[in-house]
Every structure is written in structure tokens, then in C-alpha cells.
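Engineer: A structural model of the following input is requested.
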Amino acid sequence: MNRSLVSFLATRPRLRKVLLDLDEETTEDLTFLSTSPRHYPFEALQILWVKVPHLTACTTLVKLMHTCRLSSMTCESNNRCNAREVREFATALRDHCAKFTLHVCRLIQLEPEYDEDGWETFASPQYPSDYVGFNELAPLLEFSNLRVFQYTLCTLGGFKDDELVRMADAWPGLIYFSFLHGWGTQMEATCTWRGIGYFISRCSQMIECRMAFDTTIDNVALIVDDPAFRPNNNLRIFDILDSWLPDDLHGFVRAIYAVAPRVTSVEAMQRNVSPYDALPQDVYAFCEMVEHELRRLRTKHFADSYTKDPHYDIDMDDDDPLEEWAMKLSETG
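Structural biologist: Numbering: from 1, shown residues only. Model (predicted):
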């Protein structure tokens, strides 16, 4: 998209929605958008989807808009960025966008980088400057009406339990949350069921959650034993990305059922291993077994509202280790 077309769109006084595909040449210097002394570019814009070579170009564009009332902001970058650039973008959006209007925020990188000959130049992030966590995204917590958050830039990243608690309290209306889906975390997760359980239950309208965490620590009781706890009955898709799978399948099912009993799809991705090594875990078989057990529990305890699946045997064994837990939840929730 050349500069003349971008300039034309930027001066439309009633333009509400736009998709900008900006190349390297156009984004080298975006100050051409601020030539008018009386008007800022895209002054009436509400939905912005911009494709740029680097995230920094999107940050510059937000600053040039000066003040805006965006309801949806999507930035699709073609090249990997670092933690400083992510924080600069988050800060610019906080400083220049109305706090109560933003409902959707997406930061996306769909493809690896390529050199002039078309060869893939992508290298896995591995330095501290590549790590994106709570501090980098903290400026976005001021958007209290956020409903959709998607972060799929190729960086390292993760959250601690207490940080997830703060995020949930800041964004209680979330319906979709995705962090590093597609690329994977490529490192050990630090949050546990205590953090992600609170996050899912506090955001009670959430339908889809994609985030890695330490599944091997079974501390979900710290959340569900709280008298104020209420399970999330809206969550349907739960993706743990490249988390290490727990050895205790029943304990994992119990935790999901306690926090979000109506999950119908559990997803995971294989961790990066050497092509010469045997796969440590069969993630697909594991997810199918988890979904099967969740169906059995729902059929048993939500018989009036749950449609039975004829393809699965749904009879519950009286000695099933999940039965006592499920009964307790159905009686208290």
C-alpha cells in the first residue's frame, strides 16, 4: 500500500474501519501522516488492523493518531520483536487510546522471517531481551473493558500466579485469551493451577483460553476451596500449548472439571525435541483421554442439560477416583 493511498484514507473524516498493509518503504517514515496542522490521521477510526514489517511501525502509527477511540486493535508483524518493543507498543496504546473503548487487542506474527533469497532466517528466541511477561503488558491492564486478547508474537514469555490474578482482576470480561499460541513457550512455565484456575474462574465469561502452565503441580484446591469460588461454566476450549503433561491424568481431569466443568476441547502441542529422540509424550492421545473423562463427568452430573454422545461409553464406575470430587462440586456449585 503506497503512501498516497494511506494519506487519502487517513484524512477521511468518517472512516470507522480500515485494514492497512504497509511495506518496508512506507513504514520507513510515517511522519507524512502528520502533515496537517489541524487534524490527526484516522480521527474517527474504531477498528484498525495493520500489517507491518516491524511492531515499531505500529507503535509509531498509534502515536501519530494522538488520541483515538479504538474498539479493536490488531497488529500483524512479519518480523520478530523484543520485549522492549512490546512494552513500547503497550505504553503507546495506553497513552493514546481511550481506556473504556478498547475491547479487542491482538499482536500477531504468523510467519517466520525470510532472507532475500527466500530462505527462512527464523531463529528461536533465547535471550532475556526476548522475554515478554507481565511487566511488558502491564500498560494494557488499564483497558478494563477488554474482551479479546491475543499475543502470538515469536518471543519467550510467561506469567507467575500472582500476575495472572492481577490480569484477571483487570480484565474480568475476557471471553478469549491466547498467549504464545502457535509458537509455543519454549521454556518452563512458572504459573500453576493456583494462577490459571483463578484467571479462568474470575473471567467467568471466557470461552477459549490458550496458555502454558505447570500442570505437574496439583494445587487447584487452593482456588476451589475458597468459599467465594465459582467455576467458569462458559469455557469450552482449553489449550495448554507445550506444557509438560502431568503423569496423573485423573488429577488433571479433576482440576479442569473443578475450574471449568463444561470444557469440551482440550488441546496441547508437542514440546521441541531432537528429531533423533523418541517423543516423550503422546499429546494427542492424552488430550483425547482427558476429553473422554470430562464427558463422563458431565454426563453423570449434568444429565438434564448435557446431550449424551453415543460414541462413548459413559457409565461411571462407583470406584472412579473422580466421582467423589465431581459429586462434591455438583453439590456445592
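Engineer: shaky segments in the stretch 151-300 of the chain?
Structural biologist: 184-186, 271-280 (pLDDT under 70).
Engineer: Residue 108 contacts residue 78, doesn't it?
Structural biologist: No: using Cβ atoms under 8 Å, residue 108 is not in contact with residue 78; the gap is 10.1 Å. Any C-beta I mention is one placed from the backbone N, CA and C, and that applies to glycine too.
Engineer: quick one, strands of the stretch 151-300 of the chain?
Structural biologist: Assigned by DSSP state E, counting those that start in this stretch, the stretch 151-300 of the chain shows strands spanning 156-157, 176-179, 208-210, 237-239, 265-267.
Engineer: The shortest one: partners in the sheet, and parallel or antiparallel?
Structural biologist: The strands beside strand 156-157 in its sheet (DSSP bridges) come out as strand 131-132 (parallel).
Engineer: So what touches the partner strand?
Structural biologist: 83, 86, 125, 151, 153, 155-158 (Cβ atoms under 8 Å, 6 or more residues apart in numbering).
Engineer: in the helix ranked longest in the chain, what's buried?
Structural biologist: When the chain is parsed with DSSP state H, its longest helix is helix 283-301. Of the residues in helix 283-301, 283, 286-287, 289-291, 293-301 count as buried by neighbour count, 16 or more other Cβ atoms under 10 Å.
Engineer: same thing with stretch 228-238?
Structural biologist: 229, 231-232, 234-235, 237-238.
Engineer: my read is residue 86 is in a helix, agree?
Structural biologist: Yes: assessed by DSSP: H, G, I helix; E, B strand; the rest coil, residue 86 belongs to a helix.
Engineer: That one against residue 55, yeah?
Structural biologist: Yes: the criterion here is Cβ under 8 Å, and residue 86 meets it with residue 55 at 7.0 Å.
Engineer: Mind listing the shared neighbours of these two?
Structural biologist: Residues within reach of residue 86 and of residue 55 at once, by Cβ under 8 Å, 6+ apart, are 107, 153.
Engineer: Touching, residue 151 and residue 107? I think so.
Structural biologist: Yes: contact between residue 151 and residue 107 holds when scored by Cβ under 8 Å: they sit 5.1 Å apart.
Engineer: Just give me the residue closest to the centre of the protein.
Structural biologist: In the chain, the residue lying closest to the centroid (Cα atoms, centre = their mean) is residue 178, at 1.3 Å.
Engineer: Kindly provide the distance from the closest residue to that one other than its chain neighbours to residue 299.
Structural biologist: Using Cβ to Cβ, 6 or more residues apart in numbering and skipping residues adjacent in sequence, the residue nearest residue 178 is residue 210, 4.1 Å away. Plainly put, residue 210 is 26 Å away from residue 299 if you go by Cβ to Cβ, to the nearest Å.
Engineer: for the stretch 201-333 of the chain, what spans make up the helices?
Structural biologist: Assigned by DSSP state H, counting those that start in this stretch, the stretch 201-333 of the chain shows helices spanning 221-224, 249-259, 283-301, 321-332.
Engineer: and the angle for the third one with helix 249-259?
Structural biologist: Interaxial angle of helix 283-301 relative to helix 249-259 (axes from the mean of the first three to the mean of the last three Cα atoms, to 10 degrees): 50 degrees.
Engineer: Tell me the helices and strands packed up against helix 283-301.
Structural biologist: helix 249-259, strand 265-267, helix 321-332 (3 or more Cβ pairs under 8 Å, 6 or more residues apart in numbering; DSSP states H and E).
Engineer: ok, the second one: who's next to it in the sheet?
Structural biologist: The strands that strand 265-267 pairs with in its sheet are strand 237-239 (parallel) (by DSSP bridges).
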